[in-house]
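A.B. asks: sequence and predicted structure, then a few things I'm wondering about:
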Amino acid sequence: MHWPPEPDDSDSHADDPASGVAPMFPLPGVYLFPQQLLPLNIFEPRYRQMIEDSLDGPGRIVIAPIPDGARAGDEPRPVRPIAGLGEIVRHERLPDGRFGIWLLGLQRVAIEEAASDRLYRRARWKEVPDLPPRPDDAESLRLALREATAAKTNHKLELPEDAPASVLADLLVQTLQIDDDERAELYSEADVGARSRRALAWYEAGR
């Protein structure tokens, strides 16, 4: 996926809140879902530099999933084209130089590699907005997702009764015992109705 490059590679979102450039943190099989809180332990020098820079800037980072099949020796490690943009909402600087951070998922984004003069990689990102389900489908999908997710987690969901299907579908996807390619397909599906039905089908198949 390509589009004309930005005039510069700053992390600013002022001109277009739906696109930008941000530090990229590649992680094997990790998917940052919108509204998910992801705790991370940062210890490698390049990623410690990334956090230092991010705390001095907008505080936004792209979590880019590395496919399961990628070889450990491949540099730069390949990443999936759909990733998660997150914002640091809390951080702890440890005495040995490590960081503990909590990253809040903001949105799914399509990414491509951007030039970087730092130790870490950067990504040019563009928002991938959710497409809502059809109005005649939305309520039945929402109820089915809520029931399935509660069953998978074995407890009552601590969510508002009117939590949207997009949030419930993402919660269900995270509980499914599926392989990484299947999870990536579900994660990348922008159509909430399609994502919900596929997640429910996997749930039923695994019961």
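C.D. replies: Now that the structure is in, tell me what you want to look at. Remember, predicted model here, so these are calculated numbers, not experimental data. Numbers count the residues shown, from 1 in each chain.
A.B. asks: look up how far Arg122 lies from Ala148.
C.D. replies: Ala148 is 38 Å from Arg122, where distance means Cβ to Cβ, to the nearest Å. (Each C-beta comes from the backbone N, C-alpha and C, glycine too.)
A.B. asks: so for the two, which sits in the more crowded spot?
C.D. replies: Ala148 (23 against 20; other Cβ atoms under 10 Å).
A.B. asks: next, the more buried one: secondary structure please.
C.D. replies: At Ala148, secondary structure determined by DSSP: H, G, I helix; E, B strand; the rest coil is helix.
A.B. asks: which pLDDT does the model give it?
C.D. replies: At Ala148 the predicted local distance difference test score is 93.
A.B. asks: likewise for the one 10 residues further on?
C.D. replies: Reported pLDDT at Glu158 in the predicted model: 76.
A.B. asks: what about it, how many residues nearby?
C.D. replies: Residues near Glu158, counting by other Cβ under 10 Å: 6.
A.B. asks: number the chain from 38, please
C.D. replies: I'll keep to 38 as the first residue from here, and by that count the last item is Glu195.
A.B. asks: what's the weakest-modelled helix or strand in the chain?
C.D. replies: helix 172-190 (a mean of 91; mean pLDDT, DSSP states H and E).
A.B. asks: which stretches of the protein have low pLDDT?
C.D. replies: Within the chain, the segments meeting pLDDT under 70 span 38-52, 108-111, 192-194, 244.
A.B. asks: what about the strands in it?
C.D. replies: Taking DSSP state E as the test, the strands found in the chain are 56-65, 74-79, 97-103, 119-130, 136-151, 158-164.
A.B. asks: most tightly packed of these?
C.D. replies: strand 97-103 (a mean of 23; mean count of other Cβ atoms under 10 Å).
A.B. asks: which strands and helices sit next to it?
C.D. replies: strand 56-65, helix 82-92, strand 119-130, strand 136-151, strand 158-164, helix 217-225 (3 or more Cβ pairs under 8 Å, 6 or more residues apart in numbering; DSSP states H and E).
A.B. asks: so who does Arg179 touch?
C.D. replies: Ala200, Pro201, Ala202, Leu205 (Cβ atoms under 8 Å, 6 or more residues apart in numbering).
A.B. asks: so the first one touches Arg183, yeah?
C.D. replies: Yes. At 7.3 Å, Ala200 and Arg183 qualify as touching, with contact defined as Cβ atoms under 8 Å.
A.B. asks: neighbour count winner among these two?
C.D. replies: Arg183 (19 against 16).
A.B. asks: I'd say that one and Asp199 touch.
C.D. replies: No. Counting by Cβ under 8 Å, Arg183 sits too far from Asp199 to count as a contact (10.4 Å).
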